[in-house]
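# Next come a sequence and a model predicted from it.
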Amino acid sequence: MPLDKVLQRAASGWTSGSGPEADIVISTRVRLARNLAGVPFPHLLPVDGLNQVVSDVSRAVASINSGRGWGKLDTYPLDSMPALDRKVLVEKHLVSPQHISEPWGRALVLKEDESASIMVNEEDHLRIQCLFPGLQLEEAWVAASGLDDSFEEHLPYAFSGSRGYLTCCPTNVGTGLRASVMLHLPGLVMTDAAGRVLGATNKLGLVVRGMYGEGTQASGNLFQISNQVTLGQSEEEVVRSLLGVAKQVIDQERHTREALVKDAALQVSDRVGRAYGILTNAHVISSEEAIKLWSDVRLGVDLGLLPGVPTPVLNEMIVATRASFLQRRAQMPLDPLQRDAVRADLIRKMLATS
Amino acid sequence: MLCELCGKRPATVHVTKVVNNEKVEHDLCQQCAREQGDLGVFLNPMFSINNLLSALLDDEERRGRSLPAPTGVRCATCNFTYSDFARVGRLGCSDCYEVFGDRLDAVLRRIQGSSEHVGKSPRRAAAGLHVKKEIDGLRRQLELAVRQEAYEKAAQLRDRIRLLEKQESTGEK
């Protein structure tokens, strides 16, 4: 599939809003870190070494494509695409900021429906990831593991019986598994309970972060919970314990929302109504303001306090209003004010047509 | 780039502060950033787990808590040393895990709470491991048989081990 098609649409599999608990859980991700035996990790490889890994992986992709069971996978080298396109891939959650920071000898392998992507030569040779809508930890793990099996048939993995899958950073060694769920928790934030509820998850070997992964802030009341430990616990154990914790947090958020509607109906209606008013009438809006108001509107829609905006539209808005996506859509570089104007226009249109 | 404060160590921490509505940015080394007390508050998005891990290893080293350094030990595959690892918080290649074995076990237990893998194995490697385990078992039986001077049994065991070793080496190719 031409990459252009992927870059033009804000919609991905995960934006469909179709999975379980989709009113609170935006998406589920499972990623597996894998490396090739006897080949230095990407940070030590010269460009021709990196390219060799890309070509080995591409050959494996060709063999997997000729088999059955998987949708078609395409390989896109990062160094041959414009810088703006690479940034859009980050905004679409298909690659990490680290992966595009040095694009030479790096590549993305992508499944047509964007539910599976493989970062080639990020920190590890392979980062296989599956991104599903709603709360689907077991499903995403099974899918990622299946894709992993397919690659293993064609590539010699670095593995040791005692230490498991060998990774560049010792924080990933063992299962190489990082499972995460992205949660929208406006109720807990509004009632100042987010810190308490999420803080407790830290004690269980889980980490809470902002939406764009490592080192980013929680904007739009979007939080990512993921496992920390990769040694000494099986994949199933990790997935089960994360699932259990996610369900607890979802319950807490639901109870809080119910309490808000019961005890503070007027304030909540006012808040979400104002947010909707601004988003449907603004002509200039920053990304920070947009994501903040987005969270209020999403809450209002989920509580039935606002006109029904379909969940896919709201999810796509997260991607569509990001700086690089807007610029690529406008097909020209935009200064910050122009960007804020284009963003406001797009949000008005998306809310009006839904 | 060198640290703006000490001018000696490499700058690995990017600090952004807002002072009187003005954004001020600094590039500092781990140590100076820690002394400034800013670490953990103004972290750059690119600041990664590797930096943290490296700081942790560095700290261990200075407190003399880590195991004696295997001085001069270099990974033959990637040329990495343990101090390279302690500096960047990443290993050089998968063989490093073998080369830095014991010291790494201590690190793994500290950051992971365990040093033993539980979970999925690649199908190919799993088959190999199974054979290795069987060979190990047979070797122990062979030693015992030799000690007990049960030579006929020892010969059988030897032949079985040879067969498995042959299978293992051809199976890997």
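Okay, I see it.
# Quick check: buried residues in stretch A:150-166?
A:150-152, A:155-160, A:163-166 (16 or more other Cβ atoms under 10 Å in any protein chain shown). For every residue, glycine as well, the C-beta is placed using N, CA and C.
# any weak-confidence spans in chain A?
Low-confidence segments of chain A (pLDDT under 70): A:68-70, A:210-218, A:354.
# Tell me which entries of the buried residues of stretch A:150-166 lie within strands.
Mapping the buried residues of stretch A:150-166 onto strands (DSSP state E) picks out A:159-160, A:164-165.
# From these, pick out the ones that also neighbour chain B.
Counting by Cβ under 8 Å from any Cβ of the partner chain, A:159-160, A:164-165 from these sit close to chain B.
# what's the most distant pair in those?
Farthest-apart pair in these is A:Ser160 and A:Tyr165; separation 8.6 Å (Cβ to Cβ).
# List the residues that are in contact with both of those two.
Common contacts of A:Ser160 and A:Tyr165 (Cβ atoms under 8 Å, 6 or more residues apart in numbering or on different chains): B:His117.
# thinking again about what came up before, looking at the ones next to chain B among the ones in strands among the buried residues of stretch A:150-166, spot the one nearest B:Glu98.
A:Ser160 (7.6 Å).
# Quick check, pLDDT for B:Tyr173.
Careful, residue B:173 is Lys and not Tyr. What the model reports as pLDDT for B:Lys173 is 35.
# go on, B:Leu129?
B:Leu129 is given a pLDDT of 64.
# what's next to the helix or strand hosting A:Arg329, contact-wise?
For A:Arg329, the enclosing helix or strand under DSSP states H and E is helix A:323-330. Applying Cβ under 8 Å, 6+ apart, the external contacts of helix A:323-330 come out as A:7-8, A:10, A:84-85, A:87-88, A:90-92, A:287, A:319-320, A:333-334, A:338-339, A:342-343, A:346.
# Show only the entries of the residues you listed found in helices.
A:7-8, A:84-85, A:87-88, A:90-91, A:287, A:319-320, A:338-339, A:342-343, A:346 (DSSP state H).
# Give me the buried entries from the residues you listed.
A:7, A:85, A:87-88, A:90-91, A:287, A:319-320, A:339, A:342-343, A:346.
# how about those in a markdown table, adding distance to A:Asn202?
As requested, those are exported to a markdown table (distance: Cβ to Cβ, whole Å):
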| residue | distance to A:Asn202 |
| --- | --- |
| A:Leu7 | 36 |
| A:Asp85 | 37 |
| A:Lys87 | 31 |
| A:Val88 | 33 |
| A:Val90 | 27 |
| A:Glu91 | 28 |
| A:Ser287 | 28 |
| A:Val319 | 29 |
| A:Ala320 | 33 |
| A:Arg339 | 36 |
| A:Val342 | 39 |
| A:Arg343 | 35 |
| A:Leu346 | 37 |
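# What is the nearest of those to B:Leu91?
A:Val90 (25.8 Å).
# which residues does that closest one contact?
A:96-97, A:99-100, A:212, A:324.
# now, which of the ones in strands among the buried residues of stretch A:150-166 sits nearest A:Gly134?
A:Tyr165 (27.6 Å).
# The residue lying closest to the closest one once chain neighbours are set aside and A:Asp302: what is the separation?
Of all residues not flanking A:Tyr165 in the chain, A:Gly176 sits nearest, at 4.1 Å (Cβ to Cβ, 6 or more residues apart in numbering or on different chains). As for A:Gly176, its distance to A:Asp302 is 35 Å (criterion: Cβ to Cβ, to the nearest Å).
# When these two are compared, which one has more neighbours?
The neighbour comparison of A:Gly176 against A:Asp302 (other Cβ atoms under 10 Å in any protein chain shown) goes to A:Gly176, with 27 against 19.
# Would you mind confirming that the more buried one makes contact with A:Arg34?
Yes - judged on Cβ atoms under 8 Å, A:Gly176 makes contact with A:Arg34 at a distance of 6.1 Å.
# buried set for whichever strand or helix holds A:Leu32?
Using DSSP H and E, A:Leu32 falls within strand A:25-34. Across strand A:25-34, burial judged by 16+ other Cβ under 10 Å covers A:25-34.
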